[in-house]
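>>> How does the following fold in three dimensions:
(one chain, ligands or ions: 1)
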Amino acid sequence: MRQALLLLSTVAALAAAGCARESAPADNATATTAAATEAAVTVDPAHDEFSYAEPGKVRITDLSLDLAIDFGAKQIAGTATYTLDWIDPQADALVLDTRDLAIEKVEAAGKDGTYGALQYELADADALLGSKLTIQVPERNTTVRIAYRTSPDASGLQWLAPSMTEGKHQPFMFSQSQQIHARSWVPLQDTTQVRFTYSAHVTAPKNAMVLMSADNEPKAERDGDYSFSMPQAIPSYLLAIAAGDLVFEPISERSGVWAEPVMVKKAAEEFADTEKMIQTAEQLYGPYRWGRYDILVLPPSFPYGGMENPRLTFATPTVIVGDKSLVSLVAHELAHSWSGNLVTFSTSRDAWLNEGLTSYVENRLVEALYGKDQAAMESAIAREELKQEFTDANKALQPLSVKPGDLDDPDHNLTGTVYTKGAWFMEALEQRFGREAFDAFLRGYFDHFAFQSIDTTQFRDYAIANLLEKHPGTMSQEEFDAWLYEPGVPASAPQVRSQRFAVVDAARIAWTGSAELPSRQVTGNWSTQEWVRFLEGMPDTLTTEQMAALDAAYHFTGTPNGEIAQRWYPLAARSGYHAADGEMAAFMQRVGRRKLIMPIYNALVQTPEGLVFAKGVFERAEPGYHPITTGSVKAAIARGEEAQAKAKAQ
Ligand SMILES: [Zn+2]
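Predicted coordinates for the structure are as follows:
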């Protein structure tokens, strides 16, 4: 089965999408072929084809780490000790996922507690899955430990030189385990079908604060020696670590911000509503079950918007814009405390169960805190992007439930479909069954499946029993299934209307018609979303005079707001507006968040002149980019080169 799937990965060349709250740029998606679908029919739908683990035979129930962080060598080294639950009475081997790990010793604890060596085999590396580690455990010991070290190129870790941080004084390191990168820094059953508790002892240089997705102590002494415990069982992709010049600023009794000193106050102000968000979510979906909820603000090279590491959300600094207009990111990562971290998808093909439900809850929290207008604007922007993404070429990934064999890499099922269509489906249910009934349903769902991993079929069965059959005649099973198994969105999908966007659209149309810019009275209170809408509705290209007039009035070039930059610079590139070149290059070098910079690269590579510019910027920026971002930029440049070679040949 796996063999067949690996062959398929060459036909489905989707560019890496994001983890939390970051869908792939629409033009990066290509289709899996019909042959791919056919070849995959024999795949067991419950099997996680992206892990070598055999959780039906033996499961890790607890992980104990003893690690040392070495910034100079860009390496984490130490031991991982596993508590095992042997399920299959015939099983006598433990199979783990690893990638680029040096395995130094594998041992098991005997009945008297002394360790003895075990036989093991590390297979040749598969490009996607890494190296299968098979450990013979003839005594079926409950405690096994591995001494290992990571590679400086570990796909799940980024090592930043001091110059790439805000403070410029100390190096920084952080992990990004989702979806299958935890195996590059800990040997694991790297599948969402296994949950384990963990503890860790970590040493680092004395001036580095170390944090994990665990019980971080706000008052921890910075002494290079740290201990952590995570008493709730989590899947491997939620294992997280970061180290650097980090200080803490409280928001409430149970919530606060970790960031570099220059950033921490600003971040705490931007995220001041976090406690209110937690309380709102609790009223809707039951108690927050993870203890503290803290936010770690990473350097700008973090390739994603955020990552829902339990107890410690990892966040990009690009959402700190001074007016709280982008804090829906926190609402999103917090919502994962229910959808994703508590109830987890069991294969990456069911990613919508994490991201779709989370995007829906995110929007509900935004509505509760910032009003219906704000929530409607955010939905409208997301759905506009989703529309762009739906093309005939990527039909295989448009159903919420992706068929076995249609996904080549788990990082690729993080499209607008799983986020925005998933949330839209939830809104369709809410509108049809009524908010009261739907809120009760969702709360019951989170309780029912708490700390479990489930697939789309389990969600469907639960929804049919607890929603459709409880309220007969409200929604047919056919209509329900269309959301799950058909491409696009059903014709009955509820539409979103935003009054504030109507004003923005009118202002833009008036300007393009009469060259009269909207007055300060109109634009004075515009939020990020309104500026985004203003720019997104522009024609494909504008004249240099028009660009200069907009720039003089609104100072788009050099904007500190990445969401605006993400729309303005591509328009500048398409329009040949070179006055923006310097600031555009500086932005692309400073920021490594793919969502914000890929639209600029994608616009630039369309022309020979832009391609040269993009390559020049990339050469300077690459040392500071995360490997995930580097991969995306290289793919965009390659597409541009290919298109231009073709154009020349004609
Ligand atoms: Zn997410």
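
>>> from the chain's centre, how far out does the top helix by length along the chain sit?
Among the elements of type helix in the chain, defined by DSSP state H, the one spanning the most residues is helix 627-649. On the basis of C-alpha atoms, centre = their mean, to the nearest Å, the separation between the geometric centre of helix 627-649 and that of its chain is 24 Å.

>>> now stretch 581-601
The offset between the C-alpha centroid of stretch 581-601 and the centroid of the whole chain comes to 19 Å, using C-alpha atoms, centre = their mean.

>>> what's the span of it, first residue to last?
Using C-alpha to C-alpha, to the nearest Å, the gap from the first to the last residue of stretch 581-601 comes to 13 Å.

>>> Counting by contacts, list what the longest helix of the chain packs against.
helix 594-604, helix 608-621 (3 or more C-beta pairs under 8 Å, 6 or more residues apart in numbering; DSSP states H and E). (Each C-beta comes from the backbone N, C-alpha and C, glycine too.)

>>> Recalculate using a threshold of 10 Å.
Based on contacts counted as 3 or more C-beta pairs under 10 Å, 6 or more residues apart in numbering; DSSP states H and E, the elements that helix 627-649 packs against are strand 157-160, helix 594-604, helix 608-621.

>>> next one: the second one to chain centre, how far?
It stands for helix 594-604. When C-alpha coordinates are averaged (C-alpha atoms, centre = their mean), helix 594-604 and its chain have centres 17 Å apart.

>>> so what's residue 451 closest to, chain neighbours aside?
In space, residue 451 comes closest to residue 233 once its chain neighbours are excluded; the distance is 5.9 Å by C-beta to C-beta, 6 or more residues apart in numbering.

>>> Quick one: classify that neighbour as helix, strand or coil.
Here residue 233 is recorded as strand under DSSP: H, G, I helix; E, B strand; the rest coil.

>>> Return the angle between stretch directions for the longest helix of the chain and helix 594-604.
Between the axis of helix 627-649 and that of helix 594-604 there is an angle of 10 degrees, by axes from the mean of the first three to the mean of the last three C-alpha atoms, to 10 degrees.

>>> what's the weakest-modelled helix or strand in this structure?
Among the helical and strand segments of the chain, the one scoring lowest on mean pLDDT, DSSP states H and E is helix 2-8, with a mean of 26.

>>> related to what we said a few turns ago, compare the helices and strands packed on helix 627-649 and give me the one nearest the ion.
Comparison of those against the ion by C-beta to the ion identifies helix 594-604 as nearest, at 12.5 Å.

>>> show me what contacts residue 600?
If you count contacts by C-beta atoms under 10 Å, 6 or more residues apart in numbering, residue 600 has them with 565-573, 584-585, 587-588, 591, 610, 614, 617, 636.

>>> roughly how far apart are residue 426 and the ion?
Residue 426 sits 14 Å away from the ion when distances are taken as C-beta to the ion, to the nearest Å.

>>> what's the strand or helix carrying that residue packed up against?
Assignment of secondary structure by DSSP states H and E places residue 426 within helix 422-433. The criterion is 3+ C-beta pairs under 10 Å, 6+ apart, and the helices and strands that helix 422-433 contacts are helix 352-370, helix 372-389, helix 435-448, helix 477-485.

>>> Can you list the low-confidence ranges for the stretch 301-450 of the chain?
Applying pLDDT under 70 to the stretch 301-450 of the chain picks out no residues at all.

>>> what does it put close to the ion?
In this structure, the stretch 301-450 of the chain approaches the ion at residues 355, 358, judged by C-beta under 5 Å from the ion.

>>> Wait, residue 57 touches residue 134, no?
No. With contact taken as C-beta atoms under 10 Å, residue 57 and residue 134 are classed as non-touching, separated by 11.9 Å.

>>> shared neighbours of those two, anything?
Counting by C-beta under 10 Å, 6+ apart, the residues touching both residue 57 and residue 134 are 93, 94, 95.

>>> ranking those by neighbours, who comes first?
With neighbours taken as other C-beta atoms under 10 Å, the top of these is residue 94, carrying 29 neighbours.

>>> can you list the domains in the chain?
With domains defined by automatic domain parsing, the chain comprises 54-154+173-233, 349-485, 538-649.

>>> Need the helices and strands packed on helix 422-433 in a markdown table (columns: mean neighbour count and distance to residue 301).
Conversion of those to a markdown table gives the following (neighbours: other C-beta atoms under 10 Å; distance: least, C-beta to C-beta, whole Å):
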| stretch | mean neighbour count | distance to residue 301 |
| --- | --- | --- |
| helix 352-370 | 25 | 23 |
| helix 372-389 | 19 | 24 |
| helix 435-448 | 16 | 34 |
| helix 477-485 | 16 | 37 |
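
>>> nearest to residue 333, of those helices?
Each of these was scored for nearness to residue 333 using C-beta to C-beta, and the closest is helix 352-370 (8.4 Å).

>>> what angle do the closest one and helix 422-433 make?
Between helix 352-370 and helix 422-433, the angle comes out at 70 degrees (the same axes, to 10 degrees).

>>> list the helices and strands helix 352-370 packs on?
Using 3+ C-beta pairs under 10 Å, 6+ apart as the contact definition, the elements that helix 352-370 packs against are helix 274-285, helix 328-335, strand 343-345, helix 372-389, helix 422-433, helix 435-448, helix 456-463, helix 477-485.

>>> what's the closest of these to residue 214?
So among the helices and strands packed on helix 352-370, helix 328-335 is nearest, using C-beta to C-beta, at 16.3 Å.

>>> Next, the angle from the closest one to helix 274-285.
Here the directions of helix 328-335 and helix 274-285 differ by 50 degrees (the same axes, to 10 degrees).

>>> could I get the helices and strands packed on helix 627-649 as JSON lines with distance to residue 552?
Putting these into JSON lines (distance: least, C-beta to C-beta, whole Å) gives the following:
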{"stretch": "strand 157-160", "distance to residue 552": "37"}
{"stretch": "helix 594-604", "distance to residue 552": "22"}
{"stretch": "helix 608-621", "distance to residue 552": "23"}
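
>>> okay, the ones you listed in TSV with distance to the ion and mean pLDDT next?
TSV is the format used below for the helices and strands packed on helix 627-649 (distance: least, C-beta to the ion, whole Å; pLDDT from 0 to 100):
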stretch	distance to the ion	mean pLDDT
strand 157-160	19	94
helix 594-604	13	96
helix 608-621	26	97
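
>>> Compare those and give me the one nearest residue 269.
With respect to residue 269, and counting by C-beta to C-beta, the nearest of those is helix 594-604 at 21.8 Å.

>>> Which residues in that closest one does the neighbour count mark as buried?
594, 595, 596, 597, 598, 599, 600, 601, 602, 603, 604 (16 or more other C-beta atoms under 10 Å).
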